[in-house]
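Participant: my questions are about this predicted structure, shown below with the sequence.
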Amino acid sequence: MNLIDKYVAEVGKHLPLLKGRADVEKELKSTLEDMLEDKAEQAGRPRDEAMEIELLKEYGSPQNIASSYNPHPYLIGPRMFPFFLMVLKIVLAVVVVVMFALASIKAVAAYPLFATDFMQIIMQGFGNALSAAVAAFGNVVIVFAILERVLPDKEIGDFSNEKGWDPASLARQPDPDMVKRGELIAEVVFTVLGLAFLNGLFNLPIFTSEFSKFIPWINAVFLADIVLDIYLLFTAKWNALGRVAKVIIEAVGIAVTVMLIRTPDITLFTSESLLSFIKISGEAGNVALAAHYTTSITLIVILIIQGIELAKALYRLLKINYKTK
Amino acid sequence: MENDELVQNMLLELRRGSLSLAVLSQLGKEQYGYSLLKALSDQGMEIDQSTLYPLLRRLESQGLLQSDWRIVDEARPRRYYVISAQGKAVLTKLKREWSVMTETITKMLS
């Protein structure tokens, strides 16, 4: 094996995984032989190893030659980059919010606690949020790096949305029946997280067995919500069926919330546990009582939001009926 | 002096766009890579092998060139490239665009 063969093999080793690697090697060898012949002719003497070395030095390092054949020199190319940034922002925001929410719940659940424990939970929360954000970043990059290589070049238009954009849309009133995809996706993500949370995925012992009786109902409402969201993502537009489903889901949700408000001691911040805490540190009594009311206040806020959602859904449903008449 | 690098980079960008046109224009009759390189160089268009061969592959994958392996002389196999029908159509359009562009730029620069 002469130097040229070794060089060609070395380039082959560094070539990106593409069809026709043998072809590239064959062509490279043929070119190098041609060039060497030219060199020998110019020098007026037969080819030798010194000449080969000179030629290969001119040609460049095998790594560089191989990388010039790479059709995807980017991990995530310019066509995907704006879409990548958009998804990354959403994912990171969701991850950080969820991690902080979990840390807050943990801090409340570890109640009563000392200042050092509290600090520890906060620091842990920061650490977890950071590592979750880094992991999420890595996952998004992997997904887009694969898309970059799998999607054919012709798909570029789908991401830039240049053809579908109409300047007149700036002046138009937004169509109330158009679904907002971003909102739907966020809703699905948060509902799935809620389901995981309720069904004990995060191992946060803050609910009592009283609360557990409601879990099947809440699960049903959440699942129905997810199914509706996915349906809407496909139809891209609200229709009568979607509106009716939304009204029913919101109504059932309100019923469940009302029942939860009427059930005492659904979380572990019970009167007894708080009383014992007040005994340990009398001065923190107000804080403890506030924590006790947090559950009720949270449920009332949820009820108000559900009420607004139900009213909106009913209004839109009636509007559809009016239009069709 | 510090502008040298900037100028080099901009020149590289200018050349990158025109290389496809140069290559397509020279492949009316079939050539293998090294002979094409020399033909381009003879006419003042210096191009690196590490640029030319990947470019040839790309143009071929876009359907603008056709290639096949042949043993013509000295028992050395060579890959011969020639412009395809689609390549010819594209070249005609590009030529027109190129003359409009050079005319415009020349006017601007004078």
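Facilitator: Done, it's in. Residues are numbered from 1 along each chain as shown, chains lettered A, B, ... in the order given.

Participant: chain neighbours aside, what residue packs nearest to the spatially most central residue of chain B?
Facilitator: For chain B, the residue nearest the mean C-alpha position is residue B:23 (2.3 Å; CA atoms, centre = their mean). In this structure, residue B:23 finds its nearest non-sequential neighbour in residue B:55, 6.2 Å apart by CB to CB, 6 or more residues apart in numbering or on different chains. (Each C-beta comes from the backbone N, C-alpha and C, glycine too.)

Participant: just to revisit the earlier point, how far away is the residue nearest to the centre of chain B from residue B:37?
Facilitator: Using CB to CB, to the nearest Å, residue B:23 is found at 10 Å from residue B:37.

Participant: what is in contact with the two at once?
Facilitator: By CB atoms under 8 Å, 6 or more residues apart in numbering or on different chains, residue B:23 and residue B:37 have these common neighbours: residue B:52.

Participant: where's the residue nearest to residue B:23, which helix or strand?
Facilitator: helix B:49-61 (DSSP states H and E).

Participant: now that helix, how far from the centre of its chain.
Facilitator: Computed by CA atoms, centre = their mean, to the nearest Å, the chain-centroid distance of helix B:49-61 equals 9 Å.

Participant: quick one, what contacts the residue nearest to residue B:23?
Facilitator: Residues in contact with residue B:55 (CB under 8 Å, 6+ apart) are B:19, B:20, B:23.

Participant: any idea how many residues pack against the first one?
Facilitator: Read that as residue B:19. Neighbours of residue B:19 under the rule other CB atoms under 10 Å in any protein chain shown: 16.

Participant: what about it, which SS state?
Facilitator: Three-state assignment for residue B:19 (DSSP: H, G, I helix; E, B strand; the rest coil): helix.

Participant: gap between it and residue B:25?
Facilitator: For residue B:19, the distance to residue B:25 - CB to CB - is 11 Å.

Participant: tell me the mean pLDDT for stretch B:24-42?
Facilitator: Here stretch B:24-42 scores 93 as its mean pLDDT.

Participant: likewise for stretch A:318-325?
Facilitator: In this model, stretch A:318-325 has an average pLDDT of 68.

Participant: chain B contacts on chain A?
Facilitator: Proximity of chain A to chain B is confined to A:20, A:23-24, A:26-28, A:30-31, A:33-35, A:59-60, A:64-65, A:68-69, A:71 under the rule CB under 8 Å from any CB of the partner chain.

Participant: for ChimeraX, what selects the buried ones among these?
Facilitator: Restricted to buried positions by 16 or more other CB atoms under 10 Å in any protein chain shown, the ChimeraX selection for the residues of chain A next to chain B reads:
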select /A:24,26,27,28,30,31,33,34,35,59,65,68,69
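
Participant: what about the residues of chain A next to chain B, which are in strands?
Facilitator: Of the residues of chain A next to chain B, none are assigned to strands by DSSP state E.

Participant: so where do the strands sit in chain B?
Facilitator: Under DSSP E, chain B gives strands at B:31-32, B:65-71, B:77-83.

Participant: re the thing from before, list the buried ones in the helix holding residue B:55?
Facilitator: So for helix B:49-61, counting by 16+ other CB under 10 Å, buried means B:49, B:50, B:51, B:52, B:53, B:54, B:55, B:56, B:57, B:59, B:60.

Participant: with pLDDT and distance to residue B:82 added, can I get the residues you listed in CSV?
Facilitator: Compiled in CSV, the buried residues of helix B:49-61 are given as follows (pLDDT from 0 to 100; distance: CB to CB, whole Å):
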residue, pLDDT, distance to residue B:82
B:49, 86, 20
B:50, 85, 23
B:51, 88, 20
B:52, 92, 16
B:53, 92, 16
B:54, 90, 18
B:55, 92, 15
B:56, 94, 11
B:57, 90, 15
B:59, 93, 11
B:60, 92, 10
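
Participant: count the neighbours of the closest residue to residue B:70 other than its chain neighbours for me.
Facilitator: Of all residues not flanking residue B:70 in the chain, residue B:80 sits nearest, at 5.5 Å (CB to CB, 6+ apart). Residue B:80 sits with 18 neighbouring residues when counted by other CB under 10 Å.

Participant: quick check: bridge partners of residue B:80?
Facilitator: Here residue B:80 sits in beta bridges with residue B:32, residue B:68, as judged by DSSP bridges.

Participant: where does chain A dip in pLDDT?
Facilitator: Per-residue confidence for chain A (pLDDT under 70) gives these ranges: A:1, A:17-18, A:107-116, A:152-165, A:173, A:200-206, A:267-293, A:321-325.

Participant: check contacts around residue B:91.
Facilitator: By CB under 8 Å, 6+ apart, the contact set of residue B:91 is B:21, B:24, B:25, B:83.

Participant: gap between the first one and residue B:84?
Facilitator: Remark: distance between residue B:21 and residue B:84 (CB to CB) = 16 Å.

Participant: so for these two, which sits in the more crowded spot?
Facilitator: Shown here are residue B:21 and residue B:84; by other CB under 10 Å, residue B:84 has more neighbours (19 against 15).

Participant: mind exporting the helix holding residue B:55 as PDB, just the C-alpha atoms?
Facilitator: Listed next in PDB are the C-alpha coordinates belonging to helix B:49-61 (Å, rounded to 0.1, in the frame of the first residue of the first chain):
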ATOM      1  CA  GLN B  49     -10.200  20.300  -5.100                       C
ATOM      2  CA  SER B  50     -11.800  20.200  -1.700                       C
ATOM      3  CA  THR B  51     -14.400  22.700  -3.100                       C
ATOM      4  CA  LEU B  52     -14.800  21.200  -6.600                       C
ATOM      5  CA  TYR B  53     -15.500  17.600  -5.800                       C
ATOM      6  CA  PRO B  54     -18.200  18.200  -3.200                       C
ATOM      7  CA  LEU B  55     -19.700  20.800  -5.600                       C
ATOM      8  CA  LEU B  56     -19.800  18.200  -8.400                       C
ATOM      9  CA  ARG B  57     -21.600  15.700  -6.100                       C
ATOM     10  CA  ARG B  58     -24.100  18.300  -5.000                       C
ATOM     11  CA  LEU B  59     -24.900  19.400  -8.600                       C
ATOM     12  CA  GLU B  60     -25.300  15.800  -9.600                       C
ATOM     13  CA  SER B  61     -27.600  15.100  -6.600                       C
END
